[in-house]
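Enquirer: Dropping a prediction and its sequence here:
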Amino acid sequence: MELLKYKAFLIRSIDEKIKDSLIGFSWYLISPLFSTLIYVVIITIFFQIKFSSETGQFDFAIYVLSGQTVYILLTQSLVLSSETLKTNIDFIKNMNFSLLIFPFSIMLEILFQVIVIFLILCTLLLISGEFSPFILFYPFFFLPIFVLVYSICCFMMVIGFFFRDLNKILSLLFSILMFFTPVVIKEDFAPAILWKIIEANPISHLIIYARSFFFYSIELKSFVFFSIVSLIVFIFSILVLKIIKPKILDLM
């Protein structure tokens, strides 16, 4: 019965987003595909941005897109999670079930964008002759990041319920924070003081971890570290939601 309620909510949330679209669910694929391809074309053809004359044509595009997989999932998930309880009050009242489903449904939708970017990354690696079957294990190494972001979304969901402007603050913060992460900035090109700020940003370590996989420099200890951290934060988020859920329901 619980699974049926969860399924109903997931279908409802997706239907609401595509009900006014002429192409329906296909928009989940076409939108990130088109925007990412345009980005690659601008970087590699119009501006011809490369790390150096010795590197491949798509190296910088691979560098940026591999960082975006984490940044898009993190920032969009946190912003949307911070307002999800406010926008689903009626549904929560009528279908009383675990609040854990809300951030999961949000991340599931954004995951389509990440999958499209991943497929484009694989294509660029294949064209540049740098593709390895090792890349196919990326979802496994990405799992700790997904769990960690999901856990943080649970906290943002609760905070956003009590602090109604959190989603606007997060949107503004992430638009600025982009320039203080290694999504588009490389250590070789950044002033020393800027790179120190980037290294002090916790998001940077998630991006570096995810990116290292595409440049075949990932370390097992990094995977173990993020797995342990994500598990601890996940358990803590469940405990917090369990404690605070009655308070939230009383205020609805």
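Expert: Sure, I can see it. Since the structure is predicted, the reported quantities are computational estimates derived from the model, not experimental observations.
Enquirer: Residue 147 - nearest residue in space that isn't next to it in sequence?
Expert: Closest residue to residue 147 apart from its sequence neighbours, by CB to CB, 6 or more residues apart in numbering: residue 230 at 4.1 Å. No exception for glycine: its C-beta is placed from N, CA and C like everyone else's.
Enquirer: Please identify which helix or strand holds that neighbour.
Expert: Assigned by DSSP states H and E, residue 230 falls within helix 220-251.
Enquirer: so what secondary structure elements neighbour that helix?
Expert: Counting by 3 or more CB pairs under 8 Å, 6 or more residues apart in numbering; DSSP states H and E, the packing neighbours recorded for helix 220-251 are helix 138-162, helix 202-214.
Enquirer: Give the rounded mean pLDDT of it.
Expert: For helix 220-251, the mean per-residue pLDDT is 89.
Enquirer: For that helix, buried residues please.
Expert: Across helix 220-251, burial judged by 16 or more other CB atoms under 10 Å covers 222, 223, 226, 227, 230, 233, 234, 237, 241, 245, 248.
Enquirer: again, but for stretch 142-159
Expert: Across stretch 142-159, burial judged by 16+ other CB under 10 Å covers 142, 144-158.
Enquirer: same check, this time on stretch 129-137
Expert: In stretch 129-137, counting by 16+ other CB under 10 Å, buried: 130, 135.
Enquirer: again with stretch 192-212
Expert: For stretch 192-212, a neighbour-count test (16+ other CB under 10 Å) marks 195, 198, 203, 204, 205, 206, 207, 208, 209, 210, 211 as buried.
Enquirer: can you list these in JSON lines and add distance to residue 100 and pLDDT?
Expert: Listed next are the buried residues of stretch 192-212 as JSON lines, based on distance: CB to CB, whole Å; pLDDT from 0 to 100:
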{"residue": "195", "distance to residue 100": "37", "pLDDT": "90"}
{"residue": "198", "distance to residue 100": "32", "pLDDT": "91"}
{"residue": "203", "distance to residue 100": "23", "pLDDT": "92"}
{"residue": "204", "distance to residue 100": "28", "pLDDT": "93"}
{"residue": "205", "distance to residue 100": "26", "pLDDT": "91"}
{"residue": "206", "distance to residue 100": "21", "pLDDT": "91"}
{"residue": "207", "distance to residue 100": "26", "pLDDT": "92"}
{"residue": "208", "distance to residue 100": "29", "pLDDT": "90"}
{"residue": "209", "distance to residue 100": "25", "pLDDT": "91"}
{"residue": "210", "distance to residue 100": "24", "pLDDT": "89"}
{"residue": "211", "distance to residue 100": "29", "pLDDT": "88"}
